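Peer 1: quick one: sequence and predicted model below, then my questions.
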Amino acid sequence: MSVNDYAEEVVNNFIRDITDYVFLSIEHDDTLMRKHMSKIGLYGRNEVDQSIGKKVRELLNLKNDSENTNPKSRIITKYTYHKI
């Protein structure tokens, strides 16, 4: 495996799990977490979490792949894998 192939594998793995990383970012940022909980209170968990997931896909121009039901983030129970 060339270094270029390895680099591509690393980035593709990151992209695959990017939604989980976004929610981990929320989880580790007190301000974002407070806002997240406030939005959930107003709109419901599904609406807020799905909106974030869709925005990840839209802004990064990614395609949906399969679903992961074992996220690293504690604030979600599942997320969609993505690919370029």
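Peer 2: Ah, there it is.
Peer 1: Arg34: which element?
Peer 2: Secondary structure from DSSP states H and E places Arg34 in helix 30-43.
Peer 1: in that helix, what counts as buried?
Peer 2: His36, Lys39 (16 or more other CB atoms under 10 Å). C-beta here means a position set from N, CA and C on the backbone, and glycine is covered the same way.
Peer 1: what does stretch 53-65 give?
Peer 2: Buried positions in stretch 53-65, judged by neighbour count with 16+ other CB under 10 Å: Gly53, Val56, Leu62.
Peer 1: how about stretch 1-16?
Peer 2: Neighbour-count burial for stretch 1-16 [16+ other CB under 10 Å]: Ile15, Arg16.
Peer 1: which residues touch that stretch?
Peer 2: With CB atoms under 8 Å, 6 or more residues apart in numbering as the test, stretch 1-16 has contacts from Tyr21, Leu60, Leu62, Asp65, Tyr81, His82, Lys83, Ile84.
Peer 1: do the same with stretch 20-29
Peer 2: With CB under 8 Å, 6+ apart, stretch 20-29 has contacts from 14, 32-33, 36, 49, 52, 56, 68, 71-76, 79.
Peer 1: how about 6 Å then?
Peer 2: Contacts with stretch 20-29, where a contact means CB atoms under 6 Å, 6 or more residues apart in numbering, come from Leu32, Met33, His36, Val56, Pro71, Lys72, Ser73, Ile75, Ile76, Tyr79.
Peer 1: any idea which residue sits dead centre in the chain?
Peer 2: Centroid-nearest residue in the chain, with CA atoms, centre = their mean: Thr19, separated by 0.9 Å.
Peer 1: do I have it right that that residue meets Val56?
Peer 2: Yes: under the criterion of CB atoms under 6 Å, Thr19 is in contact with Val56, at a separation of 5.2 Å.
Peer 1: sounds good, over and out.
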